[in-house]
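1. Here is the input, now give the coordinates:
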Amino acid sequence: MPRLSPGDRAPAFRLTNQDGEVVSLASLKGRRVVLYFYPADDTPGCTKEACQFNEDLAGFEALDVTVLGVSPDDATSHQKFRAKYALTFDLLSDPTREVMAAYGAYGEKMMYGKKVTGVIRSTFLIGPTGRVERAWYGVRADGHAKKVLATLGD
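-> Okay, here's the model as predicted:
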């Protein structure tokens, strides 16, 4: 499973958001992007993480950083999740998990002491030239958004 490091070129992606619109890394060129991968909409850890990114969204926007969440869920699920928690950033669908795999955010992980294959909660800060500035793997959902935001000040 590939792991990305600072300086690596971020894998290109073209995924649809909750409204069925295509969002690509190429369309975000010139901007910094926080791309975070999570297992499923409306589950406890994923909800906490999404809500905390949403709470800190003004801080990211003030630094001209786009926040995008990615899970295998479809647009309908994303729409319900966004509406339920008043999330205002785009959620992207990666049903084949190809983009997750390219970022090293899908594969073997330990869950309750057993090896399973699934989404590895991960976050990437991608710079304006499309290079990875920071990569976090095996993220703890609670408090993560604040850590990422603090990193942007470094």
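2. Need the three-state assignment for residue 135.
-> Three-state call for residue 135 (DSSP: H, G, I helix; E, B strand; the rest coil): strand.
3. tell me the pLDDT at it?
-> Looking at residue 135, its pLDDT stands at 96.
4. what does residue 100 give?
-> Note for residue 100: predicted pLDDT of 96.
5. Could you do the one 4 residues further on as well?
-> Per-residue confidence (pLDDT) for residue 104: 94.
6. Might one say that it is in contact with residue 10?
-> No - the criterion here is CB atoms under 8 Å, and residue 104 misses it with residue 10 at 11.5 Å. Backbone N, C-alpha and C define where each C-beta goes, glycine included.
7. what sits in contact with each of these two?
-> Common contact partners of residue 104 and residue 10 (CB atoms under 8 Å, 6 or more residues apart in numbering): residue 4.
8. quick one: low-confidence parts of this structure?
-> 1, 111, 154 (pLDDT under 70).
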